[in-house]
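Peer 1: Structure for the following, please:
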Amino acid sequence: MEHAFPCGNLALDFVGTLRARRNPVPTDVLTSPRSLDAWFRESGLVDAGGGDAGPADLDDAIALREAIYALVIARMRNDGYDEDALTLVNRVAGTPSAIPRLTRDGRRREATAGQAMSSVAREAIDILGGPYAPPLKECTRPECTQIYLDHSRGGRREWCAMQTCGNKVKAAAYRARKRSAAAEVAV
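Peer 2: As a prediction, the model looks like this:
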């Protein structure tokens, strides 16, 4: 698998395709139309096949990702929404979305890049406009910056996913405690 999906939410995982936003040089995993097609397949938006994204679709996807991110950050800070971001997300959501089809072999989901992006935009609207917005949080690991929904008891979750960021933070803290303890013994 080329992409990660720690949030369990298409729109937030899509925002996470630009990693380490606070770093001087963030890591963009949507680097080509092929990587965009792979994200659509791996996310479950489309089944195997697809592969029709072009350079203009990649540009549109990145613009959508950044518009969703701007709206999520504004919502988390209780700021007003950026009008351009709002217009873009609503425009993309207003186009046809991915189409599920029933076949003899079961369900099959087909979509153009534009239809897949419409599904992502609609998911963003559901998150931002529904009851799910209050638990929006950003991962506290500086190298991550993934946005996630905190459904933990007490709402005190700090990381997008324990398997990745949580383990890294806890391991670093453990090593720091060990170094500190070793330094105290040496004195």
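Peer 1: which helices and strands sit right next to the longest helix anywhere in the chain?
Peer 2: The longest helix of the chain (DSSP state H) is helix 55-76. Helix 55-76 is packed against helix 10-15, strand 18-19, helix 33-43, helix 83-93, helix 113-129, strand 136-138, strand 147-149, with contacts defined by 3 or more C-beta pairs under 8 Å, 6 or more residues apart in numbering; DSSP states H and E. Glycine gets a C-beta too; all of them are placed from N, C-alpha and C.
Peer 1: Make a markdown table out of the ones you listed and add mean pLDDT.
Peer 2: Converted to a markdown table, the helices and strands packed on helix 55-76 look like this (pLDDT from 0 to 100):
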| stretch | mean pLDDT |
| --- | --- |
| helix 10-15 | 94 |
| strand 18-19 | 90 |
| helix 33-43 | 95 |
| helix 83-93 | 98 |
| helix 113-129 | 95 |
| strand 136-138 | 84 |
| strand 147-149 | 83 |
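Peer 1: Can you lay out these as TSV showing distance to residue 27 and mean neighbour count?
Peer 2: What follows is those, written out as TSV (distance: least, C-beta to C-beta, whole Å; neighbours: other C-beta atoms under 10 Å):
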stretch	distance to residue 27	mean neighbour count
helix 10-15	14	26
strand 18-19	4	16
helix 33-43	12	20
helix 83-93	22	16
helix 113-129	20	22
strand 136-138	16	18
strand 147-149	16	22
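Peer 1: nearest to residue 180, of the ones you listed?
Peer 2: Closest to residue 180 of these, according to C-beta to C-beta: strand 136-138, at 28.3 Å.
Peer 1: distance between the closest one and the chain's centre?
Peer 2: 11 Å (C-alpha atoms, centre = their mean, to the nearest Å).
Peer 1: Check stretch 85-96 too.
Peer 2: Mean-position distance between stretch 85-96 and its chain equals 18 Å (C-alpha atoms, centre = their mean).
Peer 1: what's that stretch in contact with?
Peer 2: The list of residues contacting stretch 85-96 from outside it, by C-beta atoms under 8 Å, 6 or more residues apart in numbering, reads 60, 63-64, 66-68, 70-71, 74, 114-115, 117-118, 120-122, 124-125.
Peer 1: could you redo the last one with a cut-off of 10 Å?
Peer 2: Stretch 85-96 is touched from outside by 11, 60-61, 63-64, 66-74, 80-82, 111-112, 114-115, 117-126, 128, with contacts defined as C-beta atoms under 10 Å, 6 or more residues apart in numbering.
Peer 1: Thanks a lot, catch you later.
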